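1. Dropping the sequence and predicted coords here.
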Amino acid sequence: MDEFGGRCRLDWWANPLTCLASVEVSVGARWTGNGCDATGTLVDGADLEGFELLCALDPVFRLRIGGDDVVDVLVELLDEHGRFTLTEYDGPASRAVSIELSTTAAESAAGRSR
């Protein structure tokens with residue numbers, strides 16, 4: 001297979017047992033002598049905000065092509081329309097993810113007035 005085009009799913013795993021999110025994507029891939037060039041887009045634009053957040057936390061997703069075909073990929077967002085590139089990920093299975101939550105002054109003031 002030198003080319004692939006179709007719908008797939010990108011799954012974001014919080015740990016080996018918990019798939020936290022799964023989005024439907026349309027992917028086009030072409031295999032060359034230098035590897036694979038793959039691009040895609042979200043099928044549903046409503047998924048964009050959550051997808052952007054997950055990419056910022058850890059851009060490694062599991063790409064599901066059909067039933068049992070899976071490959072871990074690194075997602076790089078290209079624009080605000082949900083277009084992205086995919087690169088096969090061959091790093092460690094476990095990665096540290098850090099998140100910092102903060103509230104705005106207005107949210108803090110609203111919480112104090114309750």
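-> All right, it came through fine. Residues are numbered from 1 along each chain as shown.
2. For the longest strand belonging to the chain, list every residue counted as buried.
-> Of all the elements of type strand in the chain, the one with the most residues (DSSP state E) is strand 18-32. Of the residues in strand 18-32, those with enough neighbours to count as buried (16 or more other CB atoms under 10 Å) are 23, 25, 27, 29. Backbone N, C-alpha and C define where each C-beta goes, glycine included.
3. swap in stretch 61-73?
-> The neighbour-count check on stretch 61-73 (16+ other CB under 10 Å) flags 61, 62, 63, 64, 73 as buried.
4. what do you get for stretch 40-52?
-> 40, 42, 47, 51.
5. Of the residues you listed, which pair is most distant in space?
-> 40 and 47 (12.3 Å; CB to CB).
6. Quick check: beta-bridge partners of the closest residue in space to residue 54 that isn't next to it in sequence?
-> Distances taken as CB to CB, 6 or more residues apart in numbering put residue 12 closest to residue 54, at 4.7 Å, once the chain neighbours are dropped. Beta-bridge partners of residue 12, counted by DSSP bridges, are residue 21.
7. So for residue 12, what's the pLDDT?
-> Per-residue confidence for residue 12 comes out at a pLDDT of 94.
8. hang on, residue 50 in a helix?
-> Yes - counting by DSSP: H, G, I helix; E, B strand; the rest coil, residue 50 is located in a helix.
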